[in-house]
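Asker: return a 3D structure for these sequence lines:
(2 chains)
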Number of protein chains: 2
Amino acid sequence: MPFSFSVKSKLKNSLGRTGVIKTPHGIIETPAFIVVGTKATVKSVTIEQLKEIGVQSVLANTYHLYLQPRDSLIKDSGGLGKFMGWSGPTFTDSGGFQVFSLGEAFGKSVGKIATGEEIANYKDEENDLEISKPRLVSIDEDGVDFKSFRDGSMHRFTPERSMEIQQNLGADIIFAFDECTSPNAPHQYQKEAMERTHRWAKRCIDSHNKEDQALFGVVQGGRFEDLRKESAKTIGEMDFDGFGIGGSFTKEDMGTAVKWVNQILPENKPRHMLGIGEPEDLFLGVENGCDTFDCVAPTRLARGASLYTKNGRMIILNSQYRNDLKPIEEDCGCYTCRNFSRAYLGHLFRANEMLASTLGSIHNLYFIVNLVKKIRESILDDTFFEFKKSFIKRYTRNH
Amino acid sequence: MPFSFSVKSKLKNSLGRTGVIKTPHGIIETPAFIVVGTKATVKSVTIEQLKEIGVQSVLANTYHLYLQPRDSLIKDSGGLGKFMGWSGPTFTDSGGFQVFSLGEAFGKSVGKIATGEEIANYKDEENDLEISKPRLVSIDEDGVDFKSFRDGSMHRFTPERSMEIQQNLGADIIFAFDECTSPNAPHQYQKEAMERTHRWAKRCIDSHNKEDQALFGVVQGGRFEDLRKESAKTIGEMDFDGFGIGGSFTKEDMGTAVKWVNQILPENKPRHMLGIGEPEDLFLGVENGCDTFDCVAPTRLARGASLYTKNGRMIILNSQYRNDLKPIEEDCGCYTCRNFSRAYLGHLFRANEMLASTLGSIHNLYFIVNLVKKIRESILDDTFFEFKKSFIKRYTRNH
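Answerer: Numbering: from 1, shown residues only, chains lettered A, B, ... in the order given. A predicted model of the protein is given here:
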């Protein structure tokens, strides 16, 4: 099995560490931000641009690719990487989050990346979900029936079906099929769902047989300490190659739910935090033991004209930038900042030009991907806590 | 004045020729296809991608850039090229076409590139014009009052104002402010408008004073032989650095109106055919003496999932390509064809992914830009007529 993980160094007085994940398509130096390419494309950005940004790996969505263009086509194309022209490591999620976030089971319709009001209220176009609209999803012990967001047709996912689809998609790292609950669901329901997820995890291991593909189990349990710990113990003892931490998280959960889990999960296997990626969350996630992260925020925010800077987010449409000939950030090394002014970017957004999304996404991805690389370096040279403190102080100054 | 044109070779028994235009930002080997970047961006394509395609020069629209972001900002940014990050030669049109195509003077609202029904019926999003909607434009001897397509505010263009704006935009090659008539306008009106255009041409020469910028006069006269010849003679005798051939053309007009004009225009100055760019038109335009061309068709068609191939246009959404793992064209050297399958492109278009427009535009621009380069080579090695015959036969086979 051409997959391995090794811890390279540890952060003192915390769960943080650096490491290297080896996959059939290359290595991932961790901590790492995994870029989301929902439908086998990182929205408005080419593969060449991803490489220049320094992206190490891409995560695509099983739910979307199953519905269109179908996993069979991607298998026939030689797998996800070949299909989309990406030669590096790839992930697919299990499809669970999308299946459940479309349905009643997700209760209050809290988006996975709802770490701030702005994001929570944002239309979830990245995933084509209208999250406020209740839809039908029916869970039983064997699996889930759900309606396609595209045409209302009925479909069924089971742990075995998710494995089959993800094997067809052929990513290097895939996830066990889990039930995604609302963080507001009561203890009793969280427990019931978690136990079902554990039984499904076992079935995923039993049905997965693609030798060159790593399978990660997903820890659930909401915000309840007893459930999170139980889930980490149960999933952690199973024969997975790594782990995903599922659920919806606020900043406060990073020092509780995430920490509880990572204190229990085996140290010698990688831990992926699903759907998290705001700058402050990344520091907290790393400090509390997570190795990889994925999130749609960088590209989604960019399409909404919101650009990351070390001083917090810049809304490039603000009139103060209309005649501003400086780049987004003077010392940023990204393609956008090396070549274009704030005035030009604002013009492109006002003119509804597609290039606005491309240039904005390149900057935001560069910012986040390289922030996590700097976090990695700060662990290696033992300056993590100073870096965290100074970054967050500056980033949140104007909040 | 750092601008020159030299004819390098001539095509036997026709008006066709090869040449080199020298500008302060580099040379253009002609015949050449000039890519349209209406609002200081070639829609959905980056500058790096344009370079890789082999694009020599970009043409932007004075009307749009005047309204937003304002020519003053572009001047402050160091000119059009600097503003958009393009270091090669640039053109701006005069703004005339957009001003008049929005107004009643344009009569039957025939789009400039209305060379086929498909294009004629296409919403003119490239220029943000709803061409079927009559709007106010009022022409007098001095200039034109018009309403902004953006907010209905009133504006006035005169020959002097167009020069001022184009000098601010700072392109290497600019055009005199002309009145654009409908090709269906009667002889009397065409004559009146043409004579006004001639008087305006003189005023453009008188008011233009940017030393490093070439000024091209525009020949009008609709489809009338006497008017086209008179306009070519009058404009051709003025002190312009080159010429634009204005009006709306069908394939039939190439061997008549265009030929009449180029038989009269001085041989030692370049001739730009405004708004023309379908494959067959390019052969006819070159044969009849045009050196450069611009057209929105390659990028507009690409956004509509219509892709050029040597066998005619391919509608990539057709179900026959759904599982087709071949590239658009097996022997195409463009980034898209080197990396992606028809199935992947169809998936991106079905999923409304922006990357679909980017990859489609890269292919279509590569196809057209390199077609004109091959036309140039065929003149140099005296195989133009064979190349034309074989290309058109194959391209129109399925029409």
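Asker: CA only for contacts and neighbour counts going forward, please
Answerer: Will do.
Asker: which residues are in contact with A:Ile139?
Answerer: A:Asp145 (CA atoms under 8 Å, 6 or more residues apart in numbering or on different chains).
Asker: distance of it from chain B?
Answerer: A:Ile139 sits 28 Å away from chain B, going by CA to the nearest CA, to the nearest Å.
Asker: beta partners of that residue?
Answerer: Counting by DSSP bridges, A:Ile139 is bridged to A:Val144.
Asker: next one: A:Ser4
Answerer: Assigned bridge partners for A:Ser4, using DSSP bridges, are A:Lys22.
Asker: surely it and A:Thr23 touch.
Answerer: Yes. Counting by CA atoms under 8 Å, A:Thr23 is a contact partner of A:Ser4 at 7.0 Å.
Asker: so those two - more neighbours on which side?
Answerer: Legend: neighbour count by other CA atoms under 10 Å in any protein chain shown for A:Ser4 and A:Thr23, higher for A:Thr23 (22 against 17).
Asker: skipping its backbone neighbours, what lies nearest that one in space?
Answerer: A:Phe3 (4.8 Å; CA to CA, 6 or more residues apart in numbering or on different chains).
Asker: next, count neighbours for the residue nearest to A:Thr46 when sequence neighbours are not counted.
Answerer: What sits nearest to A:Thr46 in space, not counting adjacent residues and going by CA to CA, 6+ apart, is B:Leu355, at 7.2 Å. A total of 23 residues lie near B:Leu355 under the criterion other CA under 10 Å.
Asker: so which helix or strand takes in B:Leu355?
Answerer: Take DSSP states H and E as the rule and B:Leu355 turns out to sit in helix B:354-380.
Asker: and that helix with helix A:354-380, angle?
Answerer: 110 degrees (axes from the mean of the first three to the mean of the last three CA atoms, to 10 degrees).
Asker: in helix B:354-380, what counts as buried?
Answerer: Residues of helix B:354-380 classed as buried by neighbour count (16 or more other CA atoms under 10 Å in any protein chain shown): B:354-376, B:378-380.
Asker: pull the contacting residues for the residue in chain A sticking out farthest from the centre.
Answerer: When distances are taken from the C-alpha mean of chain A, A:Asn323 lies farthest, 35.6 Å away, according to CA atoms, centre = their mean. Taking CA under 8 Å, 6+ apart, we find A:Asn323 in contact with A:Arg342, A:Ala343, B:Leu73.
Asker: the second one contacts A:Ser319, doesn't it?
Answerer: Which is A:Ala343. No. Counting by CA under 8 Å, A:Ala343 does not reach A:Ser319; the two are 9.6 Å apart.
Asker: the two: which has the busier surroundings?
Answerer: Neighbour totals were compared for A:Ala343 and A:Ser319, and A:Ala343 leads with 25 against 11 (other CA under 10 Å).
Asker: and the helix or strand where the more buried one lies with helix A:354-380, angle?
Answerer: Taking DSSP H and E as the criterion, A:Ala343 maps to helix A:342-350. Interaxial angle of helix A:342-350 relative to helix A:354-380 (the same axes, to 10 degrees): 120 degrees.
Asker: export helix A:342-350 as PDB, just CAs?
Answerer: Taking C-alpha atoms only, helix A:342-350 is exported to PDB below (Å, rounded to 0.1, in the frame of the first residue of the first chain):
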ATOM      1  CA  ARG A 342      -6.600  47.100  -6.400                       C
ATOM      2  CA  ALA A 343      -8.100  49.600  -8.900                       C
ATOM      3  CA  TYR A 344      -7.900  47.000 -11.700                       C
ATOM      4  CA  LEU A 345      -9.400  44.300  -9.500                       C
ATOM      5  CA  GLY A 346     -12.300  46.600  -8.400                       C
ATOM      6  CA  HIS A 347     -12.900  47.400 -12.000                       C
ATOM      7  CA  LEU A 348     -13.100  43.700 -13.000                       C
ATOM      8  CA  PHE A 349     -15.600  43.000 -10.100                       C
ATOM      9  CA  ARG A 350     -17.700  46.100 -11.000                       C
END
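Asker: ranges for the helices of the stretch 151-300 of chain A?
Answerer: Ranges of helices in the stretch 151-300 of chain A, per DSSP state H, counting those that start in this stretch, are A:159-169, A:187-207, A:225-237, A:251-253, A:259-264, A:279-287, A:297-303.
Asker: give me the pLDDT for the residue most central in space within chain A.
Answerer: Nearest to the mean C-alpha position of chain A, by CA atoms, centre = their mean, lies A:Asp294 at 2.1 Å. Per-residue pLDDT puts A:Asp294 at 97.
Asker: show me what it bridges to in the sheet.
Answerer: A:Ile34.
Asker: in contact with A:Val35, which residues?
Answerer: Going by CA under 8 Å, 6+ apart, the list of residues near A:Val35 reads A:Val42, A:Val55, A:Ser57, A:Val58, A:Leu59, A:Asp294, A:Cys295, A:Val296, A:Leu365.
Asker: rerun at 10 Å
Answerer: A:42, A:50, A:55-60, A:90-91, A:277, A:293-299, A:365, A:368-369 (CA atoms under 10 Å, 6 or more residues apart in numbering or on different chains).
Asker: can you pull the pLDDT of the residue nearest to A:Pro270 when sequence neighbours are not counted?
Answerer: Leaving aside its sequence neighbours, A:Pro270 sits nearest to A:Gly242 (CA to CA, 6+ apart; 4.9 Å). The model reports A:Gly242 with a pLDDT of 98.
Asker: A:Lys75 too?
Answerer: 98.
Asker: again with A:Asp128
Answerer: At A:Asp128, pLDDT is 47.
Asker: A:Glu386 sits in which helix or strand?
Answerer: helix A:384-396.
Asker: which strands or helices does that helix pack on?
Answerer: helix A:279-287, strand A:306-309, strand A:312-315, helix A:354-380 (3 or more CA pairs under 10 Å, 6 or more residues apart in numbering or on different chains; DSSP states H and E).
Asker: tell me the span between the first and last residue of stretch A:288-300.
Answerer: 26 Å (CA to CA, to the nearest Å).
Asker: cool, and stretch A:151-161?
Answerer: Using CA to CA, the two ends of stretch A:151-161 sit 20 Å apart.
Asker: in that stretch, which residues are buried?
Answerer: A:Arg156, A:Phe157, A:Thr158, A:Pro159, A:Glu160.
Asker: hmm, A:Val55 and the residue nearest to the centre of chain A touching each other?
Answerer: No. Counting by CA atoms under 10 Å, A:Val55 is not a contact partner of A:Asp294; they are 11.7 Å apart.
Asker: what do those two both touch?
Answerer: A:Ala32, A:Phe33, A:Ile34, A:Val35.
Asker: which bits of the stretch 151-300 of chain A sit near chain B?
Answerer: Not one residue of the stretch 151-300 of chain A sits near chain B, judged by CA under 10 Å from any CA of the partner chain.
Asker: including pLDDT, could the shared contacts of A:Asp294 and A:Val55 go into JSON lines?
Answerer: Below are these laid out as JSON lines (pLDDT from 0 to 100):
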{"residue": "A:Ala32", "pLDDT": "98"}
{"residue": "A:Phe33", "pLDDT": "98"}
{"residue": "A:Ile34", "pLDDT": "98"}
{"residue": "A:Val35", "pLDDT": "98"}
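Asker: quick check on these: which are buried?
Answerer: Judged by 16+ other CA under 10 Å, buried ones among those: A:Ala32, A:Phe33, A:Ile34, A:Val35.
Asker: just the closest residue of the stretch 1-150 of chain A to chain B, please.
Answerer: A:Ser44 (5.0 Å; CA to the nearest CA).
Asker: wait, that residue sits on A:Met354?
Answerer: Yes. Applying CA under 10 Å as the test, A:Ser44 and A:Met354 come out as touching, 7.8 Å apart.
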